[in-house]
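1. have a look at this fold, sequence not included:
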């Protein structure tokens, strides 16, 4: 399965932030959209970093009050791993787990087209397994005997 | 406000597309505790089940047994089927909006992706999906013809559709005659002179999408030898490392099976099926008459993307494969429905978790939903659509609780049925389908087959005693 099928059911909104915006605005965006990370883009909409809740938490412990006015660029993680829509779900899942990445920006020809969270990956994998189990059970034992059918 | 969903005022839902996803969604809606829901399911073809009837290979009858659970859903007295009714032609999306509280689009992915290479449209080069629809007796495709006098055929792709096509081309008439393959296809394949079939994969054996049972089945064909090219099924370093890292035993087994095929000596069977890997078509070659004469392949090498996905890149080394018939099977794509926002980028209805979004503001459109392949793209097995439909139905229930649903001018079962029958007098009900099903199965019993399919709408109507000319 390609990760494009995860993006297809996520609308087209990717919440982004510019590197020179203050953390205060970034926090407002995280709260408003109920998300855990923002993709930081340059004026050409190319992703140049990612700013996660964790980046802000760490800085808050260090800096206390000053944090709200600092620019996003000061806290964001650079050298972000990005995906392409044709990437395999399994590889993406393995890489995110191993490298402890919770958000993966997806780009096509340099342009940001979406973001995938580890939660999206888990859900897609679970649905995939559930679908396979359901299909196999059906072929093996038929509808009447399935516990799910009686629920 | 009188929220619909009660015995007096049931929630009225239209489902467009009678494939597995439509049924899974209907089932999920009927199972909502305390909710009374009336469902009308539309399909542009006269028969239900979508790709279970028109896509799943005829020699895979067991997979089709899932229809028994669909029939159970359809047995609910609050369920109706409007077969042979094309939404967009016989009734418009606007008319649905005027008769239902909610409309759910489960139209699937009806077209194929193109390869985007020169020669793709030469004579004898076809989308695999058309061949599949033809051998499965889809009424819109039954009149297609395929030049089976060719001795060599190439199938581009190694997904399950590609493997189905390869199997059908390699089966003996006796093997096929035991299935519910359409009569016209059985007849054409009986006279087939195809004796060499190539399956072409751009990536390596570890990345092939087919499953191990599908691969094993290829090794058990009655009169076709299955072969692979030894150096193409040797794992490269990247694939080896990825396999070791993931500990994926199924893929390990798949590679071993392929390597065993590569070591096999042909048993001099009548046909040969050759599995090729790490080759990518760059051009379909003209035989000088405007028909397919071959496929130019470039050898590929795998590289790892940022996320560790192994993708092919061309090496610059070319190889011409002489074939007279090409089937492309490089993916399906959704078709837009007039009046419904479409996301061109992914070939799906623009949506968020199944809620259709407005093209301008990207906000949910009240009362409109989507599920299945037209929501997420063509991935997964039949059962994958069940959790997918459940996610959409959960959104529908959330919206109902928030009073976000359409206020139809005429929310009556009878009004919509009158409209539909006036526009399409030959509309088929579920009872009609169950009668056709009985006739098909009875015809099959006489011939020792699971069923003999009706493939013409006129024949279906005649069998139902409604023989008058169709418009």
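-> Nice, I can see it. These figures come from a predicted structure and were not determined experimentally. Residues are numbered from 1 along each chain as shown, chains lettered A, B, ... in the order given.
2. can you read off the pLDDT for the closest residue to residue B:310 other than its chain neighbours?
-> If the residues on either side of it in the chain are set aside, residue B:310 comes closest to residue B:302, at 4.4 Å by C-beta to C-beta, 6 or more residues apart in numbering or on different chains. Bear in mind the C-beta positions are built from the backbone N, C-alpha and C, glycine included. Looking at residue B:302, its pLDDT is 97.
3. a strand runs through residue B:302, doesn't it?
-> Yes: Residue B:302: assigned to a strand according to DSSP: H, G, I helix; E, B strand; the rest coil.
4. show me what contacts it?
-> Contact analysis of residue B:302 by C-beta atoms under 8 Å, 6 or more residues apart in numbering or on different chains lists B:203, B:204, B:207, B:236, B:238, B:239, B:278, B:310, B:311, B:312, B:313.
5. and the fifth one, how many neighbours?
-> Other residues within reach of residue B:238 by the criterion other C-beta atoms under 10 Å in any protein chain shown amount to 16.
6. show me where pLDDT drops low in chain B?
-> B:1, B:467-471 (pLDDT under 70).
7. closest residue of it to chain A?
-> residue B:384 (3.1 Å; C-beta to the nearest C-beta).
8. tell me if I'm right that that residue and residue A:131 touch.
-> Yes: with contacts counted by C-beta atoms under 8 Å, residue B:384 reaches residue A:131, the gap being 3.1 Å.
9. more neighbours: the two, which one.
-> More neighbours surround residue B:384 than the other of residue B:384 and residue A:131, with 27 against 20 (other C-beta under 10 Å).
10. check the gap between the more buried one and residue B:239 for me.
-> 25 Å (C-beta to C-beta, to the nearest Å).
11. try residue B:370
-> 36 Å.
12. and these two? Which one has more around it.
-> residue B:370 (33 against 20).
13. now the more buried one: how far from residue B:397?
-> Relative to residue B:397, and taking C-beta to C-beta, residue B:370 is found at 16 Å.
14. likewise residue B:179?
-> When residue B:179 is compared with residue B:397 (using C-beta to C-beta), they lie 41 Å apart.
15. how about residue B:323, what does it touch?
-> Residue B:323 neighbours (C-beta under 8 Å, 6+ apart): B:150, B:152, B:153, B:154, B:196, B:198, B:292, B:294, B:295.
16. Three-state assignment for it, please.
-> Assigned with three-state DSSP, residue B:323 falls in the coil class.
17. now do residue A:70: how many residues are near it, please.
-> Quick note: residue A:70 (other C-beta under 10 Å) scores 16 neighbours.
18. pLDDT value on it, please?
-> The model's pLDDT for residue A:70 equals 92.
19. next, residue B:155: phi, psi?
-> phi -110, psi 120 (degrees, to the nearest 10).
20. any idea which element whatever residue of chain A ends up closest to chain B lies in?
-> Proximity of chain A to chain B (C-beta to the nearest C-beta) peaks at residue A:131, 3.1 Å away. Using DSSP states H and E, residue A:131 sits within helix A:118-141.
21. cool, and residue B:434?
-> helix B:430-447.
22. over to residue B:280?
-> strand B:279-286.
23. show residues contacting that strand.
-> Counting by C-beta under 8 Å, 6+ apart, B:115, B:117-120, B:122, B:125, B:154, B:156, B:200-202, B:232, B:292-300, B:312, B:314, B:318-320, B:326 sit against strand B:279-286.
24. from those, which ones fall inside helices?
-> residue B:232 (DSSP state H).
25. ok, and which of the contacts of strand B:279-286 reach chain A?
-> Applying C-beta under 8 Å from any C-beta of the partner chain, the subset of those adjacent to chain A is empty.
26. ChimeraX command to pick out the buried ones of the contacts of strand B:279-286?
-> Selection of buried members from the contacts of strand B:279-286 for ChimeraX, criterion 16 or more other C-beta atoms under 10 Å in any protein chain shown:
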select /B:115,119,120,122,125,154,156,200,201,202,232,292,293,294,295,296,297,298,299,300,312,326
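27. tell me who's in contact with residue B:43.
-> B:17, B:18, B:50, B:81, B:82, B:83, B:84, B:85.
28. who does it bridge with?
-> Going by DSSP bridges, residue B:43 is paired in beta bridges with residue B:83.
29. residue A:15 and residue A:38 touch, don't they?
-> Yes: applying C-beta under 8 Å as the test, residue A:15 and residue A:38 come out as touching, 5.8 Å apart.
30. can you pull the residues that touch both of those two?
-> Going by C-beta under 8 Å, 6+ apart, residues that sit against residue A:15 and also against residue A:38 are residue A:29.
31. of those two, who's got more company?
-> Using other C-beta under 10 Å as the criterion, residue A:15 and residue A:38 rank with residue A:38 on top: 27 against 14.
32. what parts of the stretch 201-350 of chain B come near chain A?
-> Near chain A, when you scan the stretch 201-350 of chain B using C-beta under 8 Å from any C-beta, you find B:207, B:242, B:245-246, B:248, B:305-311, B:343, B:345-346, B:348, B:350.
33. ok, of those residues, which come out buried?
-> The neighbour count (16+ other C-beta under 10 Å) marks B:207, B:242, B:246, B:305-311, B:343, B:346, B:348, B:350 as buried among those.
34. same list (these) but as a markdown table, adding secondary structure.
-> Listed next are those as a markdown table, based on three-state DSSP:
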| residue | secondary structure |
| --- | --- |
| B:207 | helix |
| B:242 | helix |
| B:246 | helix |
| B:305 | coil |
| B:306 | coil |
| B:307 | coil |
| B:308 | coil |
| B:309 | coil |
| B:310 | strand |
| B:311 | strand |
| B:343 | strand |
| B:346 | coil |
| B:348 | strand |
| B:350 | coil |
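35. okay, the residues you listed in CSV with distance to residue B:435 next?
-> Converted to CSV, those look like this (distance: C-beta to C-beta, whole Å):
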residue, distance to residue B:435
B:207, 46
B:242, 53
B:246, 50
B:305, 53
B:306, 56
B:307, 52
B:308, 54
B:309, 50
B:310, 51
B:311, 51
B:343, 40
B:346, 40
B:348, 35
B:350, 39
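36. pick out whichever of those sits closest to residue A:48.
-> residue B:306 (14.8 Å; C-beta to C-beta).
37. quick check, that closest one in contact with residue A:83.
-> Yes: assessed by C-beta under 8 Å, residue B:306 is found in contact with residue A:83 at 6.6 Å.
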